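**Student:** heads up, no residue letters with this:
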């Protein structure tokens with residue numbers, strides 16, 4: 001089937017299309033109601049189907065004769081550890097850990113937070129929850145205690161699964177200390193915690209609350225798979241909200257399994273037995289979808305990598321992995337390859353390795369800038385696929401679909417919409433924009449399977465955030481356009497959430513933290529373009545009259561505050577002290593103009609501005625401090 005025929009069928013006959021794709025999943029009860037609506041009026045897929053995602057990802061393959069195939073390679077240059085697990089071995093470990101959790105009282109519907117480093121046990125913990133019908137919520141290992149506490153209070157987990165430590169480049173992060181602080185900060189207290197003791201740190205267990213992973217498993221018996229409804233939640237994954245309070249994206253079991261298995265062939269051109277690697281973390285949506293679930297649902301081999309693209313030990317790390325594990329499809333964020341390019345612009349490290357197994361290179365998480373696209377295209381000699389998706393959608397909205405009908409790529413474009421995503425560009429009143437004219441990127445309902453079904457515990461926030469702006473459409477929050485050939489171009493966020501190395505972070509939350517400093521009268525945080533990270537936050541601060549500290553001390557203290565409250569991933573380092581901020585007469589700070597100044601773009605001074613003289617002052621300060629591309 002051509003791309004056009006496939007796509008048009010998914011849009012014009014969605015129930016027939018997805019019923020056919022659902023036949024690839026081993027259901028306990030095959031669905032007869034393909035599309036319906038829940039009590040809140042939200043579209044739901046496979047309403048009367050029953051399955052278990054862990055069964056579809058592991059047991060089914062073992063029963064089908066794939067038990068001796070490698071399911072997972074674990075590669076940790078930071079601990080000098082490597083091993084592999086077959087489908088049979090992984091199934092056994094998951095079933096035993098699920099049994100251990102069941103012995104502690106975990107049942108279908110319970111929430112379990114997973115706060116772990118990139119180790120195979122993180123994958124085992126996720127699949128064990130799925131096996132029991134429990135709802136996992138993975139929080140990126142090393143997230144600041146405050147951020148973890150917010151998620152504990154929102155998800156109200158019965159249990160938390162963690163590890164004694166995580167390991168960065170030449171640095172050990174004591175997770176247990178951070179976990180203890182988070183639990184002390186949270187109003188909700190878990191009934192118990194399970195701790196994986198790592199050789200680098202043997203953490204003390206809190207009596208009565210904490211249990212050792214190895215000891216629990218030693219006394220456990222394998223747990224069977226618990227049947228769940230297709231519409232039952234599989235996981236909650238938190239993404240930044242513009243208010244600073246994270247949104248718990250809820251993913252269901254049935255639609256998720258169908259969409260991800262379909263995507264492995266249609267988008268990534270992966271077949272059973274082939275090796276796929278997503279160089280991400282299980283704390284992010286890419287890790288959920290393409291380290292854990294999609295490769296295993298498709299009978300592929302996945303790679304769990306505890307390392308970085310550079311300095312573990314060098315910028316040839318990715319090439320080494322591709323050669324060693326015969327990786328066919330490789331997926332990471334553009335910022336990872338920008339780091340490689342910075343250290344090895346001529347690709348000398350690549351010459352040391354045989355990457356002939358690689359057929360496609362996929363990038364997502366932020367916009368792939370044309371210079372990096374062209375550099376990779378010339379360097380690796382295989383298709384470089386820039387595809388666009390969100391935490392909320394769980395899989396690609398637009399992509400060059402390598403398993404259906406590959407197209408010629410256009411730098412800066414995510415190519416064309418994928419099955420079921422009816423992408424439209426709307427103006428502020430909901431009217432459709434002409435080809436190649438920018439507007440708000442929206443998706444006409446129904447969304448395809450695999451997308452979020454609600455915001456955990458807050459269906460009204462789900463509607464207000466995504467569904468109420470334009471009736472009949474999902475609001476992506478991104479701006480962009482579709483050209484005359486149907487290629488989708490995403491130009492950036494339309495809200496104040498910035499993208500730092502693929503991680504969406506709220507500038508509003510950073511402003512709240514900065515404004516809490518006793519020396520700060522007023523502030524604004526903007527994301528400025530950065531060649532390596534995509535965007536970096538920069539604070540503009542008006543100091544309080546009478547504040548005795550100097551600007552250097554203030555900058556250091558604000559960086560420390562953001563690091564403590566959000567974590568190092570925010571990459572907040574630079575603060576500019578200004579006398580005034582450009583505002584409208586109603587008091588709204590003109591952040592879009594601040595971003596334009598920082599990025600060296602032309603801008604129009606709005607008629608509503610209160611103090612036009614504030615703009616040249618800001619321009620001068622940014623230039624003096626070499627902010628963004630404008631000052632380089």
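**Tutor:** It's in. All values reported here derive from a predicted model rather than from experimental measurement.
**Student:** which residue sits farthest out from the middle of the protein?
**Tutor:** For the chain, the C-alpha lying farthest from the average C-alpha position belongs to residue 546; by Cα atoms, centre = their mean, that distance is 42.9 Å.
**Student:** Then that one would be within a strand, right?
**Tutor:** No - assigned with DSSP: H, G, I helix; E, B strand; the rest coil, residue 546 falls outside any strand and is coil.
**Student:** can you tell me how far the residue nearest to residue 507 when sequence neighbours are not counted sits from residue 572?
**Tutor:** Leaving out its chain neighbours, the residue that sits closest to residue 507 by Cβ to Cβ, 6 or more residues apart in numbering is residue 525, at 4.2 Å. C-beta coordinates here come from the backbone N, C-alpha and C atoms, glycine included. According to Cβ to Cβ, to the nearest Å, residue 525 and residue 572 sit 8 Å apart.
**Student:** Contact partners for the residue lying closest to residue 228 once chain neighbours are set aside?
**Tutor:** Using Cβ to Cβ, 6+ apart and skipping residues adjacent in sequence, the residue nearest residue 228 is residue 133, 4.6 Å away. Under the criterion of Cβ atoms under 8 Å, 6 or more residues apart in numbering, the neighbours of residue 133 are 52, 107, 108, 109, 226, 227, 228, 232.
**Student:** repeat that with 6 Å
**Tutor:** 108, 226, 228 (Cβ atoms under 6 Å, 6 or more residues apart in numbering).
**Student:** Out of the residues you listed, which is nearest to residue 192?
**Tutor:** Of all the contacts of residue 133, residue 192 sits closest to residue 108, with 17.7 Å by Cβ to Cβ.
**Student:** hang on, the earlier thing: can you pull the residues that touch both of residue 525 and residue 572?
**Tutor:** Counting by Cβ under 6 Å, 6+ apart, the common neighbours of residue 525 and residue 572 are residue 537.
**Student:** circling back to that earlier point, so how many other residues sit close to the residue nearest to residue 507?
**Tutor:** 29 (other Cβ atoms under 10 Å).
**Student:** what kind of secondary structure is it in?
**Tutor:** strand.
**Student:** now do residue 480
**Tutor:** Following three-state DSSP, residue 480 is assigned to strand.
**Student:** And it, how far from residue 441?
**Tutor:** Counting by Cβ to Cβ, the gap between residue 480 and residue 441 amounts to 5 Å.
**Student:** So between the two, which is more surrounded?
**Tutor:** For the pair residue 480 and residue 441, the greater number of neighbours falls to residue 441 (28 against 24), based on other Cβ under 10 Å.
**Student:** so who does that one touch?
**Tutor:** Residue 441 is in contact with 476, 478, 480, counting by Cβ under 6 Å, 6+ apart.
**Student:** Contacts only, for the residue farthest from the centre of the chain.
**Tutor:** Going by Cβ under 6 Å, 6+ apart, residue 546 touches no other residue.
**Student:** where's it relative to residue 513, distance?
**Tutor:** As judged by Cβ to Cβ, residue 546 and residue 513 stand 22 Å apart.
**Student:** all helices of the stretch 101-250 of the chain, in order?
**Tutor:** Using DSSP state H, counting those that start in this stretch, the helices of the stretch 101-250 of the chain run over residues 120-132, 145-155, 175-185, 213-218.
**Student:** Please apply the same query to the stretch 301-450 of the chain.
**Tutor:** 317-325, 334-343, 370-380.
**Student:** and the lowest-mean-pLDDT helix or strand in the chain, which strands flank it?
**Tutor:** Ranking every helix and strand in the chain by mean pLDDT, DSSP states H and E puts strand 503-506 at the bottom, with a mean of 78. According to DSSP bridges, strand 503-506 forms sheet pairs with strand 497-500 (antiparallel).
**Student:** what does the strand it pairs with contact?
**Tutor:** Contacting residues not belonging to strand 497-500 are listed as 240, 366, 504, 505, 506, 507, 527, 533, 534, 535, 571 [Cβ under 6 Å, 6+ apart].
**Student:** please redo it, this time with the cut-off set to 8 Å
**Tutor:** Outside strand 497-500, the residues within contact range by Cβ under 8 Å, 6+ apart are 240-242, 365-366, 477, 493, 504-507, 526-527, 533-537, 569-571.
**Student:** Let me see the mean pLDDT of that strand.
**Tutor:** Across strand 497-500, the average pLDDT comes to 82.
**Student:** Residue ranges of each domain in this protein, please.
**Tutor:** 3-307+387-476, 497-631 (automatic domain parsing).
**Student:** and those, which one is worst for confidence?
**Tutor:** Looking at the domains of the chain, the bottom one is domain 497-631 with a mean of 85.
**Student:** Determine how far that one lies from the middle of the whole chain.
**Tutor:** Relative to its chain's centre, domain 497-631 lies at 25 Å (Cα atoms, centre = their mean, to the nearest Å).
**Student:** before we move on, the earlier item: so can I have a markdown table of the helices of the stretch 301-450 of the chain showing distance to residue 406?
**Tutor:** Converted to a markdown table, those look like this (distance: least, Cβ to Cβ, whole Å):
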| stretch | distance to residue 406 |
| --- | --- |
| helix 317-325 | 20 |
| helix 334-343 | 20 |
| helix 370-380 | 14 |
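**Student:** Take those helices and lay them out in a markdown table including mean neighbour count, mean pLDDT and distance to residue 297.
**Tutor:** Output for those, formatted as a markdown table (neighbours: other Cβ atoms under 10 Å; pLDDT from 0 to 100; distance: least, Cβ to Cβ, whole Å):
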| stretch | mean neighbour count | mean pLDDT | distance to residue 297 |
| --- | --- | --- | --- |
| helix 317-325 | 21 | 98 | 19 |
| helix 334-343 | 21 | 86 | 25 |
| helix 370-380 | 17 | 92 | 27 |
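**Student:** can you tell which of those is closest to residue 145?
**Tutor:** Closest of the helices of the stretch 301-450 of the chain to residue 145 is helix 334-343, at 25.7 Å (criterion: Cβ to Cβ).
**Student:** Can you name the residues in contact with stretch 472-479?
**Tutor:** Stretch 472-479 is contacted by residues 388, 390, 397, 424, 426, 430, 438-445, 447, 451, 465-467, 469, 490-495, 497 when judged by Cβ under 8 Å, 6+ apart.
**Student:** now those: which count as buried?
**Tutor:** For the contacts of stretch 472-479, a neighbour count by 16 or more other Cβ atoms under 10 Å gives the buried set as 388, 390, 397, 424, 426, 439-443, 447, 451, 465-467, 469, 490, 492-495, 497.
**Student:** Narrow those to those in strands?
**Tutor:** 424, 426, 439, 440, 441, 442, 443, 490, 492, 493, 497 (DSSP state E).
**Student:** Between those, which sits nearest residue 212?
**Tutor:** For those, the nearest to residue 212 is residue 497 (38.9 Å; Cβ to Cβ).
**Student:** ok, the closest one to residue 509 distance?
**Tutor:** Counting by Cβ to Cβ - residue 497 and residue 509 are separated by 9 Å.
**Student:** Report the set of residues contacting both of the two.
**Tutor:** Common neighbours of residue 497 and residue 509, using Cβ under 8 Å, 6+ apart, are residue 240.
**Student:** In stretch 502-514, which residues are buried?
**Tutor:** Buried residues in stretch 502-514 (16+ other Cβ under 10 Å): 502, 503, 504, 505, 506, 507, 508, 509, 510, 511, 513, 514.
**Student:** which ones are touching residue 300?
**Tutor:** 264, 270, 271, 272, 273, 274, 275, 276.
**Student:** So among the residues you listed, which ones count as buried?
**Tutor:** 264, 270, 274, 275, 276.
**Student:** hmm, back to that, the helix or strand following the least confident helix or strand of the chain - contacts with which helices or strands?
**Tutor:** Using DSSP states H and E, the next helix or strand after strand 503-506 towards the C-terminus is helix 507-515. Secondary-structure packing of helix 507-515 (3 or more Cβ pairs under 8 Å, 6 or more residues apart in numbering; DSSP states H and E): strand 520-530, strand 534-543, helix 551-565.
**Student:** Could you export those as JSON lines, including distance to residue 218?
**Tutor:** Shown next, in JSON lines, are the helices and strands packed on helix 507-515 (distance: least, Cβ to Cβ, whole Å):
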{"stretch": "strand 520-530", "distance to residue 218": "48"}
{"stretch": "strand 534-543", "distance to residue 218": "45"}
{"stretch": "helix 551-565", "distance to residue 218": "38"}
